[in-house]
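Asks: sequence first, then the predicted structure:
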Amino acid sequence: MREAFFGIFSLLFIAYFSELASSNIVFKPLSISLPDLPAKFAIGNNTGVCGALEVADPLDACSPLRNDFGSNQSEAIRFALIIRGDCSFEEKIRNAQNKGFSAAIVYDDKYSNNLVYMMVNPKGIKVLAVFVSKSAGEFLKDHAKGENGECCIYPPLNGKAWTVFAICFLSLVVIAAFLVIAFVAPRSLSNWRRRNLVRRVDSKVVEALPCLVFGSARSSIAGETCAICLEDYNDGELLKVLPCQHDFHSSCVESWLTKWGTFCPVCKLDMTTKFAFSKLELGLL
C-alpha cells in the first residue's frame with residue numbers, strides 16, 4: 001500500500017508542476033508554441049503581450065546592449081533573446097530594460113529537461129522576463145527577424161495549475177479511501193463476523209443424544225426440573241441426556257444446541273470438545 005501512495009503522490013507532483021510551467025511563448029509566423037517559466041518577480045502579464053524578437057547584442061547581455069532599433073522604430077515593443085551564463089539573471093534583465101526592450105527571453109546554455117526560476121530582485125524592474133530551454137532558445141534565435149519575427153508571451157496558468165492540483169489531491173483522497181476500504185474493511189468485517197458468530201451443534205449430533213422417558217418413581221440424575229425452561233418434568237415426558245449426564249426436555253435442549261450455543265446450560269461442557277464426542281461414540285451415557 002505504501003508503494004501505491006508513493007506512486008499516486010509522484011503523479012500528483014508531476015501533474016502540478018508540469019501545469020505550472022505551461023505558460024507559452026508563441027512564435028507567430030510559424031504558429032509554434034514553446035513552454036517557458038516566468039521569473040520570480042512576476043511582473044503583471046494578465047492577457048499576454050506581443051512584440052518583435054531581437055537577438056541581444058552581446059548575446060549574454062552581461063554588458064550594455066548595442067542593438068540598434070533605428071529612430072523610427074524606438075517606440076515599438078521588442079523582446080530581447082538572451083543566453084544564460086556569465087552573469088546573473090538580474091544583470092541580463094536590467095541591461096535589456098535599459099536598452100528599451102519590453103521583455104527578456106533567457107534561454108538555457110545547456111540541454112536540459114528542466115526549466116528554472118530566475119531569482120531576481122524586483123526593485124526597479126518593469127519588463128517581463130521568462131526562461132526557456134536551450135532548444136527553444138536556439139529555434140527563436142534562428143528565426144528572430146525583428147518586425148518580421150513577431151513573438152508573444154502569454155501569462156502562466158497558475159489558476160489552472162491550482163485547479164489541477166485540487167483535482168489531483170481530491171483524486172488522491174478518493175483512491176486512498178478506496179484502498180482502505182479494499183484492504184482493511186474486508187479483514188475487519190471478517191474479524192467481526194468471527195467474533196459475533198453463534199456457534200451451534202450439528203442437528204445430527206443432537207438427534208444422536210440418548211433419550212429417556214421421565215417417571216416420578218425414577219428421578220433423573222440432574223433433578224426433576226429442566227434448567228432451560230425452568231419447568232418441572234412430568235411423567236411420560238421425553239428427556240435428552242448430554243455427555244455430562246445433565247438431562248433436559250428434548251425440545252428444549254434441541255433448540256438450545258442448534259440455535260443458542262454448544263455448551264451444557266448447567267456445567268458449561270462444550271459439546272464440540274473431543275471429550276463430548278468420544279462419550280457419544282463410545283456409548284458411555
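Replies: Sure thing, it's come through.
Asks: in stretch 131-140, what counts as buried?
Replies: Phe131, Val132, Ser133, Ala136, Gly137, Glu138, Phe139, Leu140 (16 or more other CB atoms under 10 Å). C-betas here are computed from N, CA, C, even on glycine.
Asks: can you tell me the SS state at the last one?
Replies: Secondary structure of Leu140, reduced to three states by DSSP: H, G, I helix; E, B strand; the rest coil: helix.
Asks: Tyr233 versus that one, what's the distance?
Replies: 106 Å (CB to CB, to the nearest Å).
Asks: one more: the fourth one?
Replies: Going from Ala136 to Tyr233 by CB to CB gives 101 Å.
Asks: correct me if wrong: Gly137 contacts Leu81.
Replies: Yes. The criterion here is CB atoms under 8 Å, and Gly137 meets it with Leu81 at 6.8 Å.
Asks: any common contacting residues for these two?
Replies: Ile105, Tyr107 (CB atoms under 8 Å, 6 or more residues apart in numbering).
Asks: quick one: mean pLDDT over the helix or strand harbouring Ser135.
Replies: Per DSSP states H and E, Ser135 falls inside helix 134-143. The pLDDT scores in helix 134-143 average 85.
Asks: if you count contacts, what does that helix end up packed against?
Replies: Counting contacts by 3 or more CB pairs under 8 Å, 6 or more residues apart in numbering; DSSP states H and E, helix 134-143 packs against strand 23-27, strand 32-38, strand 49-55, strand 78-83, strand 103-107.
Asks: how about 7 Å then?
Replies: Helices and strands touching helix 134-143, by 3 or more CB pairs under 7 Å, 6 or more residues apart in numbering; DSSP states H and E, are strand 78-83, strand 103-107.
Asks: quick one: the first one to strand 49-55, angle?
Replies: Translated: strand 78-83. Relative orientation of strand 78-83 versus strand 49-55 (axes from the mean of the first three to the mean of the last three CA atoms, to 10 degrees): 50 degrees.
Asks: might you report the residue contacts of the residue nearest to Lys92 when sequence neighbours are not counted?
Replies: Nearest residue to Lys92, sequence neighbours excluded (CB to CB, 6 or more residues apart in numbering): Ala61, at 4.1 Å. Contacts here follow CB atoms under 7 Å, 6 or more residues apart in numbering; on that basis Ala61 touches Ala80, Ile82, Lys92, Asn95, Ala96.
Asks: hmm, the second one is touching Ala103, no?
Replies: What that stands for is Ile82. No. Using CB atoms under 7 Å, Ile82 is not in contact with Ala103; the gap is 10.5 Å.
Asks: need the helices and strands packed on helix 134-143 in TSV (columns: distance to Leu238 and mean neighbour count).
Replies: Output for those, formatted as TSV (distance: least, CB to CB, whole Å; neighbours: other CB atoms under 10 Å):
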stretch	distance to Leu238	mean neighbour count
strand 78-83	106	26
strand 103-107	101	26
